[in-house]
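In: Just need the structure, nothing else, for what follows:
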Amino acid sequence: MMIGDVIRIDPDHQFARSILGKELFTDPTRKDDTEYAGEWVSLFEKKMRSGSRPQVYHPKYGWIPAGNVARYDEGLRPWKSDWVSAEKESELRRDFRNAWEIQSEHFLVKTNVSLEVGVQISQRLEIFNDWLQQNFAAFFDTPQTLQDRFEAASSRSSARKPNQMEVHYYATRDEYQERVQGKVPPNLETNGLYWEDDRTSYFFDNPDKIGFSTLYHEATHQILDLATREARNTAAKARGLKLRQRPAPRWKLGEKSNFWILEGIACYFESFDIKDGHVSVGSPDYVRFDIARQRIVDPKFFYYLPAQQFSALGQEEFQHHPQITQLYTQGAGFAHFLMHYEDGLYRDDLITLLSEIYRPDPDKVLEEPSLPGIAGVSFDLLDRQYHTHMQNLIELNTP
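Out: Residues are numbered from 1 along each chain as shown. Got it, this is the predicted structure:
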């Protein structure tokens, strides 16, 4: 992107920084530092560090007033107009109505587990969101979003910022089940849920599940949905006009076809991992991909729905399919194939497919997105290449 080149040449180029959502901030605590000329920070960070009670970001406690750090380190916590012990606060916040609320630039995490766990979840979500924004830039940076950034920078006004994405993290499965009751079919046990109607993701502290795979799965649904919802509302109105019908209240993702990619890409991002500050994704030994490989190479477990039939499944057909477990596995495997086959041969095509599903073209609302149409290859070739990819998966080195 040319903006990056401008900043490399001139790090303090105000217009370029503004396009990227940055503003110059001068930390009042460094006013006596003659070598300090300010720093470029996000609008959110500038807001948090400004005002009569500026806050600082603590890696353990998140954003807290600068004057409170010492008391936090002593084991004290603010409660209403007083201070209580960390142990007392934990008791008070066990009731989710009093949950900790951890704010970050893009997320609002509410939890009754602990402040520290909430901050850790918040940090991971921000890293995941940043990675997704950078590596799926073609999905997020549409001509319209870029135009909005340029116009905001030109007028020196702050671009309209989306609301923070809300995430609830419960201490027990029972609390979680009670909260998602009515959102999932009765007797269906889930480990997490993103619910489009209230734009919130729900999780719980699951002692039987190690890692953050469910967090990244549901965050994928949440991030992609909220970044594109306005476009689908426009598409729903356009379809209503073309069909001379009252517009549906909401555009249903993958209603008639291509539902696999919605779950497949979320299953793929379950493999997202952060270790020592480094990010990895798509490791071939991740359980979803390994099972997908077994379903191709092991006759005892073999299952494969040809790509043409697989892509033709809409939401209802997919979710009520007698082999839904196998379809989820194949979705994860197919997403891995499109991301990594021949060093990412189809990666841009996958992003284009996602974009066409999440942002329907108002002029093509009666058409269904087609992976072969995007990639310029046949379903038969994709079938053969997928089988080859799965057979070689164990030998792959992912970036």
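In: Tell me where the model's unsure across the stretch 1-150 of the chain.
Out: Scanning the stretch 1-150 of the chain for pLDDT under 70 picks out 1-7, 10-12, 15, 143, 145-150.
In: Run through the strands of it in chain order.
Out: In the stretch 1-150 of the chain, the strands defined using DSSP state E, counting those that start in this stretch lie at 22-25, 39-42, 55-58, 62-65, 76-79, 82-85, 100-103, 107-111.
In: Mean neighbour count, these: which tops it?
Out: The highest average neighbour count among these, using mean count of other Cβ atoms under 10 Å, belongs to strand 107-111 at a mean of 22. Where C-beta positions appear, they are placed from N, C-alpha and C, glycine not excepted.
In: pretty sure residue 328 contacts residue 268?
Out: No: look at residue 328 against residue 268 with Cβ atoms under 8 Å: they stay out of range, at 11.2 Å.
In: Give me the more crowded residue out of the two.
Out: residue 268 (29 against 20; other Cβ atoms under 10 Å).
In: Helix, strand or coil: sort out the more buried one for me.
Out: helix (DSSP: H, G, I helix; E, B strand; the rest coil).
In: and the residue lying closest to it once chain neighbours are set aside, how many neighbours does it have?
Out: Once flanking residues are discounted, residue 268 sits nearest to residue 335: 3.9 Å by Cβ to Cβ, 6 or more residues apart in numbering. Look at residue 335: counted by other Cβ under 10 Å, it has 26 neighbours.
In: pretty sure residue 335 belongs to a strand, no?
Out: No: read with three-state DSSP, residue 335 is helix and lies in no strand.
In: burial count for residue 364?
Out: 12.
In: quick one, the helix ranked longest in the chain and strand 107-111 angle?
Out: In the chain, assigned by DSSP state H, the helix with the most residues is helix 213-243. Angle, helix 213-243 to strand 107-111, by axes from the mean of the first three to the mean of the last three Cα atoms, to 10 degrees: 130 degrees.
In: Only the buried residues of helix 213-243, if you could.
Out: Across helix 213-243, burial judged by 16 or more other Cβ atoms under 10 Å covers 213-229, 231-232, 234-236, 238-239.
In: For residue 80, give me its contacts.
Out: Residues counted as contacts of residue 80 (Cβ atoms under 8 Å, 6 or more residues apart in numbering): none.
In: hmm, back to that, any chance of the strands of the stretch 1-150 of the chain in CSV, with distance to residue 130 too?
Out: Converted to CSV, the strands of the stretch 1-150 of the chain look like this (distance: least, Cβ to Cβ, whole Å):
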stretch, distance to residue 130
strand 22-25, 14
strand 39-42, 11
strand 55-58, 15
strand 62-65, 17
strand 76-79, 29
strand 82-85, 35
strand 100-103, 16
strand 107-111, 12
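In: The ones you listed: which one's closest to residue 185?
Out: Residue 185 lies closest to strand 107-111 among these, at 25.2 Å (Cβ to Cβ).
In: Can you give the strand pairings for that closest one, parallel or anti for each?
Out: strand 100-103 (antiparallel), strand 165-170 (parallel) (DSSP bridges).
In: need these in JSON lines with distance to residue 343, can you?
Out: Formatted as JSON lines, these follow (distance: least, Cβ to Cβ, whole Å):
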{"stretch": "strand 100-103", "distance to residue 343": "38"}
{"stretch": "strand 165-170", "distance to residue 343": "32"}
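In: Show me the one of the ones you listed that comes nearest residue 134.
Out: If you check each of those against residue 134 by Cβ to Cβ, strand 165-170 wins as the nearest, at 17.6 Å.
In: what does that closest one contact?
Out: 96, 99, 106-113, 117-118, 121, 125, 176, 179, 199-205, 219, 222-223, 226.
In: if you set the cut-off to 6 Å instead, what comes out?
Out: 106-111, 121, 176, 200-204, 222 (Cβ atoms under 6 Å, 6 or more residues apart in numbering).
In: Likewise for stretch 210-223?
Out: 124-125, 128-129, 165, 191-192, 194, 201, 266, 269-270, 272.
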